[in-house]
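# One predicted model, sequence on top.
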Amino acid sequence: MSRIGRMPVVIPAGVTINLDKGNLITVKGPKGTLTRKLVDDMNIAIEGSEVLVSRPSDLKRHKALHGLTRTLIFNMVEGVTNGYTKILEINGVGYRAAKAGNKLTLSLGYSHPVEMIDPEGITTTVEGNKITVAGIDKEKVGQHAAEIRIKRKPEPYKGKGIKYDYERIRRKAGKTGKK
């Protein structure tokens with residue numbers, strides 16, 4: 001058995017989960033609603049205040065999908081109760097971020113400012129050199145944060161660029177003069 005897959009997903013107070021035909025799961029909570037179509041092979045059951053996921057056989061495919069299905073449901077429940085955030089830091093002389101409406105404008109040393117529009121369900125806020133990406137869908141929050149970071153990845157010589165707040169940039173020594 002999958003260690004993660006056999007753990008039940010506890011449904012907290014204020015969260016409702018509906019399971020329709022074809023493993024279409026809808027999770028409603030205080031922060032919003034998430035809907036996802038899960039693989040038909042998995043057996044999903046709602047018993048009391050828990051969601052249980054089981055696999056029909058011990059095929060390699062079913063073993064792989066067992067823990068994944070349970071984790072996707074858990075992430076949906078966590079998202080509608082607490083939400084997800086990613087924090088990015090901008091380092092570099094003249095590198096700035098500004099927010100106007102749902103448009104994030106980044107000045108990253110290019111000849112033009114980079115403008116990004118927030119996807120539906122995702123909000124970005126700017127405080128000094130920190131950009132906070134928040135939302136209820138873990139996948140969308142991580143994807144949007146990665147798209148912002150890729151606009152100017154951190155470089156190893158001076159550490160300039162956009163990085164996650166927990167990320168450490170491995171620094172390299174620069175060139176040395178003639179001896």
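Received it, and whenever you're ready, just let me know what you need.

# Just want the most central residue of this protein.
With the centre of the chain defined as its mean C-alpha position, the nearest residue by Cα atoms, centre = their mean is Gly142, 2.9 Å away.

# Bridged to the nearest residue to that residue once chain neighbours are set aside, which residues?
Closest residue to Gly142 apart from its sequence neighbours, by Cβ to Cβ, 6 or more residues apart in numbering: Lys86 at 6.5 Å. In this view, the C-beta of every residue, glycine as well, is placed from N, C-alpha and C. Lys86 has the following beta-bridge partners by DSSP bridges: Val133.

# So for the helix or strand in which Glu115 is found, what gets flagged as buried?
Glu115 is located in strand 114-117, with elements delineated by DSSP states H and E. By neighbour count, and taking 16 or more other Cβ atoms under 10 Å as the criterion, the buried residues in strand 114-117 are Met116.

# ok, it: who's next to it in the sheet?
Every partner of strand 114-117, by DSSP bridges, with its direction: strand 103-107 (antiparallel).

# which parts of the strand it pairs with are buried?
Along strand 103-107, the positions that meet the burial threshold by neighbour count (16+ other Cβ under 10 Å) are 104, 106.

# what does the next helix or strand after the strand holding Glu115 rub up against?
Counting by DSSP H and E, the next helix or strand C-terminal to strand 114-117 is strand 122-127. Contacts of strand 122-127 from elsewhere in the structure, counted by Cβ atoms under 8 Å, 6 or more residues apart in numbering, are 97-99, 104, 118, 131-135, 137, 140-141, 144, 148.

# quick one, strand 122-127 and strand 103-107 angle?
50 degrees (axes from the mean of the first three to the mean of the last three Cα atoms, to 10 degrees).

# Tell me the buried residues in strand 122-127?
Across strand 122-127, burial judged by 16+ other Cβ under 10 Å covers 122-124, 126.

# for stretch 90-109, same thing?
Of the residues in stretch 90-109, those buried under the neighbour-count criterion (16+ other Cβ under 10 Å) are 90-92, 95, 97, 104, 106, 108.

# Equivalent analysis for stretch 16-36, please.
Buried-residue list, stretch 16-36, by 16+ other Cβ under 10 Å: 17, 23, 25, 27, 29, 34.

# Specify the local secondary structure of Val77.
Put simply, Val77 is helix when judged by DSSP: H, G, I helix; E, B strand; the rest coil.

# quick one: it from Met116, how far?
From Val77 across to Met116, the span is 29 Å (Cβ to Cβ, to the nearest Å).

# now Glu78
26 Å.

# Kindly report the same for Val9.
Spatial separation of Val9 from Met116 under the definition Cβ to Cβ is 33 Å.
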